[in-house]
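[1] sharing a model prediction with you, sequence too.
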Amino acid sequence: MPSNEIRLLRGTGAASSTKKISIHRVEPGNWNVFRLSIVPTILRRRPSSVLSSITTHPSFLSSHVYRLPFHNFCKTIRSVPFCTISETKIIMSLEEKFAKLSMDDVSNVVESVKSEGVEKSGLASNFSVLSARIGSSDDAEALAALSTVKSLAEECPAAQPFVKECLGACLEQAVAKTKEVRDAAKDTAFAICDNVNPFAMKSLLPTIFAELPVEKKWQTRELALQCLGRFKAVAPKQLGDALPLVVPEVTACMWDTKKQVKVAATETMQSALDVIGNRDIEHMTAKILTAITKPKEVPEIMHQMAGVTFVQSVESPALAMVVPLLLRGLREKNTATKRQAAVIIDNMSKLVDNPIDAAPFLPLLLPALETNAESIADPEARAVTERGVAQLQRLKGLADKQMSIRGDVSKLEEIFKEKFNAKDAEGGKLIVIQYACTIATTLMDLKFMEDLQWEKNLSPTLQTYYSKEEASKNIEAVREKAETMMEIPDDDDEEDDAEELCNCQFTLAYGTKILLHNTKMKLLRGRRYGLLGPNDCGKTTLMRSIANNQVEGFPDVTQVRTVFVEADIQGEQSHLSCVDYVAVDPKIAAMGIEKDKIREVLGTVGFTEDGKAKPDHAVSTLSGGWRMKLALARAMLQQADILLLDEPTNHLDVINVAWVKTYLNSLTNVTSIIVSHDSGLLNDCCTNILSFDNLKLRMYKGNLDEYVKVNPAARSYFSFSESKMKFRFPQPGPIEGVKSKGKALMKMSKCTFTYPGNTKPTLFDISVQVSLSSRVACIGENGAGKSTMIKLLVGEIEPQEGDVWKHPNARVAYVAQHAFHHIESHLSKTPNEYIRWRFANGGEDKESLVKVTLQYSEEEIALQKKPFELQIVDEASGKISKVKKVVSELVGGRKLNKSKEYEYEVKYAGSTVDSGEYLPSKTLKKMGWEKAMKAVDLKLAQLAGMFVKPLSTKNVEEHLEGCGLAREFGTHYRMSALSGGQKVKVVIAAAMWMQPHIVILDEPTNYLDRESLGALAGAIEEFDGGVIIISHNNEFVSKLCPETWVMDAGHLETKGDADWMLKQDTKIEDQQQLQEMTDAAGNKVEIQTGPKKLSKKEEKAMIKKIKTKIKNGEALDTDEEELAFEKELM
């Protein structure tokens, strides 16, 4: 019957009719007061049978108010016959209403709670009575209580804060004696879990976890686990957020000895895996589940996990599932498994957007990872582990700073009590406030901050004690406070009236490597942004992706026109003139720009008929600086909104660098993004800095100096002295016949050179020499002829006048200005594969075979085909005969004759075997075999370097590391996936493989960051060979080179102290001799040093012995032969 009225029925024998009696609330508290109309004569006539238990309430003596136990009320009142009525008031006990609840009363109680509310109906103050009744040994009482709780859970959302308090009692009844009670307990527990507010799901976890310890009955533990599993359907997001709490509890149960508990735990864990919401590891969930119960599977699963490319943001659900597996991997005995665990940690931690997500796991992972970093013997695995440690320490620092962002329950509870005027709340009101805090905390954790969401989830609960209007007002006040707690200052937040060209959020990857993850980028018109970050972080890839319209959210070309400015010229276009090169650009062609306009713009940047660079000359003849100016002119023609400049001052001299600065600063209506290692350019031009920082782009106002003030660590990008990286170049070793470090190994004498098609020579009468002690800086304006001179010196081109000479045993490494041409045909190879391919022919450098100086001209081929007269002496008779023969090839042998002239082994035309005969170099030169002799010299010199370091994968890997390229990139990445800086390191490593005596670096500062340049400078300082550096970076060359070659319009002037002159008398023995070599298996082998210097007595005895051998026609050993040549005994 409705709770606001009672039907008073006529007694036996009376007419069939009813009388409605209204029930009115008279006073607050634990009493309900009813006003009944009962005739006084009834009270006089049947006092014992009608109201025998009524006692007068002292507050209402004059109003005839009576107290009557509720459970007797209906029975008593129905026994009163229908008659004339007068007013009387009766108060009933709510405690007894719940204490002696029967199945008949369930619907009454539920209706009462629904209509009157949680507080007025008495549930708020008597829920503990109801919970205790669930645990009754009386099945009827327990079933009534369970039925009531189940109905309240399903029908009364406002009752949830109190109904959840009964969950523990329901779980305990899983061991009830009767099946009816056990089933009712299970249904009720499921009803509580199924109908809980999803954002309040965490409030049930402490009760569930309390029933999981092994000392509890297995039936209770099974039911508790099943309750956890139901949250997958009810509150998937919220369950995912709670996985850091859930996973450890469930994992322990998966090892339970009771089959039912183990099965329930496995099913619950599967439900948990289903809500992690990370696509990168979804395919691994079954294997992760297997690893929990089968530790032997961990190494294989770790191996598979290490190969996963993580792209999606890593949040606490994914971490909760993977961390137990990672801990197992870190504790494995196998070093490989430990390394893989560290790789996974490093990869995943980079994608953690909110450090708070990682906070619960850091105390577990950091100690284990730090222990491995100290104990792992393998250097490479230890380095990987240390990288993981650094990542976790970074996350820990960020998490510590941002802990205030997390919705802290105690802090929120204070805010709730303050806003709802409940600082002294207790009992039911305190339970409601705490329940609301749990909801609010989860809303914050999951970033649900809209006002309607807070109103919808909190208002029904809080209306238990507050009006709807009051609840709504205070909920909004709490939400605003919570929003303030979660605010993260935006680095690029700036008030500006400039037009916004771009405001996007995106993720950027290159191959399998994530470069930027879920980052924001905002660009304003007219700003000049310096793009900073270490080598390999993705600066060039970002700009190229913007130019190719591959950045998600970036405006398309119809809204914003972008132009990528770079100086590299594709090989298939190198024959074009400067005008034609610009004209064939697809964007220029699409705009319909005429060649006259192109010629006009080229003229504004210096391409004139009487200038150093002419508009009709082939782009292949341009120096690096003029190539960059050509690229800038092409960009000017396209009228870009955004210029993307990759190292715009590379190759440029001081004059042209100043021109670039002036030009960029004049573009007030064009936005520029600049990648450069030139600190002067970034200071003089940049209005803002965009910095790569842990897969994010961070915006800073001001130029480079302003940026370094707030990020002192970035100083290493622009300072050689602060470099932590180290390069190690192999030492060259001694050269046969060279006794001093100042002896010339390379010479140019009076060389003049003119490019084909040009009328004016590029070089005039150049003479230089280089020795082991040389440290030379070659400087000059763009187009002055620096690179051309070096190409002559190394034999890539031939002079029309003059001579170029190189010591036959000297090895020379040349890293060209446009360094990538060395590897552009091999981008599908890894760096390791490339070096092993390049030197696979018995140590011969395949790149050296393409030099012009090793390619035969038509005249030389004609000379080689002419027969020559050869004198043959018959050993028996001494008779001399003459024959004509043609040399078909030089076999490769070489020896010194008595005149200290090299002789080369030849093969004659028509002969099927090597002749075993040697001809002197002077004779072979006249026959057109000079280049072949150079090739033999080069090959033998290269083979000498092969002895110390055989061409094995391991040796190449270590060599690449010595040149700054980590094993990960050197052995496992194709060169197509490497950055510009990494490719330069590959080229340097390949050039240094044969342990050169002379190293020539043409613009080595291009593409390398300052840390790499500092490492390169250190390696050059420690190198025992000669070094020539062409560079416009005065800071770099002034530190290393006391001698300077100044090129000016094709003429050379030498300045400074030439080391080869100062060290002319420095003996070659002063060089550090190699003590050991590494064989192909990686074993260290001691090198037997040469014989000690002979005393005069020993030398005299040795000479006598040699003369005797020569007289008797006996063969000399190597030491004897050298002494014989030295003393001219042969």
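    Yes, it's here.

[2] show me how the protein divides into domains.
    As assigned by automatic domain parsing, the chain contains the domains 5-99, 276-404, 409-485, 500-718, 744-852+943-1070, 856-931, 1096-1126.

[3] the ones you listed into JSON lines, with extra columns for mean neighbour count, distance to L171 and mean pLDDT?
    For glycine as for every other residue, the C-beta is placed from the backbone atoms N, C-alpha and C. Below are the domains of the chain laid out as JSON lines (neighbours: other C-beta atoms under 10 Å; distance: least, C-beta to C-beta, whole Å; pLDDT from 0 to 100):
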{"stretch": "domain 5-99", "mean neighbour count": "15", "distance to L171": "21", "mean pLDDT": "38"}
{"stretch": "domain 276-404", "mean neighbour count": "18", "distance to L171": "24", "mean pLDDT": "82"}
{"stretch": "domain 409-485", "mean neighbour count": "17", "distance to L171": "19", "mean pLDDT": "85"}
{"stretch": "domain 500-718", "mean neighbour count": "18", "distance to L171": "41", "mean pLDDT": "81"}
{"stretch": "domain 744-852+943-1070", "mean neighbour count": "20", "distance to L171": "51", "mean pLDDT": "78"}
{"stretch": "domain 856-931", "mean neighbour count": "14", "distance to L171": "88", "mean pLDDT": "70"}
{"stretch": "domain 1096-1126", "mean neighbour count": "13", "distance to L171": "91", "mean pLDDT": "74"}
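
[4] turn the ones you listed into a markdown table, including distance to M269.
    Formatted as a markdown table, the domains of the chain follow (distance: least, C-beta to C-beta, whole Å):
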| stretch | distance to M269 |
| --- | --- |
| domain 5-99 | 38 |
| domain 276-404 | 6 |
| domain 409-485 | 22 |
| domain 500-718 | 28 |
| domain 744-852+943-1070 | 34 |
| domain 856-931 | 69 |
| domain 1096-1126 | 73 |
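
[5] do you know which of those domains lies nearest K202?
    Between K202 and the domains of the chain, the shortest gap by C-beta to C-beta is with domain 409-485, which sits at 5.6 Å.

[6] quick revisit: out of the domains of the chain, which is closest to E211?
    Among the domains of the chain, domain 409-485 comes nearest to E211, with 19.2 Å by C-beta to C-beta.

[7] before we move on, the earlier item: wait, which of the domains of the chain is closest to G135?
    With C-beta to C-beta, the closest approach to G135 among the domains of the chain belongs to domain 5-99: 13.6 Å.

[8] excluding chain neighbours, what is closest to K468?
    With sequence-adjacent residues excluded and distances taken as C-beta to C-beta, 6 or more residues apart in numbering, K468 is closest to S459, at 6.9 Å.

[9] which element is that neighbour on?
    In the assignment (DSSP states H and E), S459 maps to helix 451-462.

[10] how about A425?
    Under DSSP H and E, no helix or strand contains A425.

[11] dump the residue contacts of the closest residue to it other than its chain neighbours.
    Nearest residue to A425, sequence neighbours excluded (C-beta to C-beta, 6+ apart): I433, at 5.6 Å. Going by C-beta atoms under 8 Å, 6 or more residues apart in numbering, I433 touches E413, F416, K417, F420, A422, A425.
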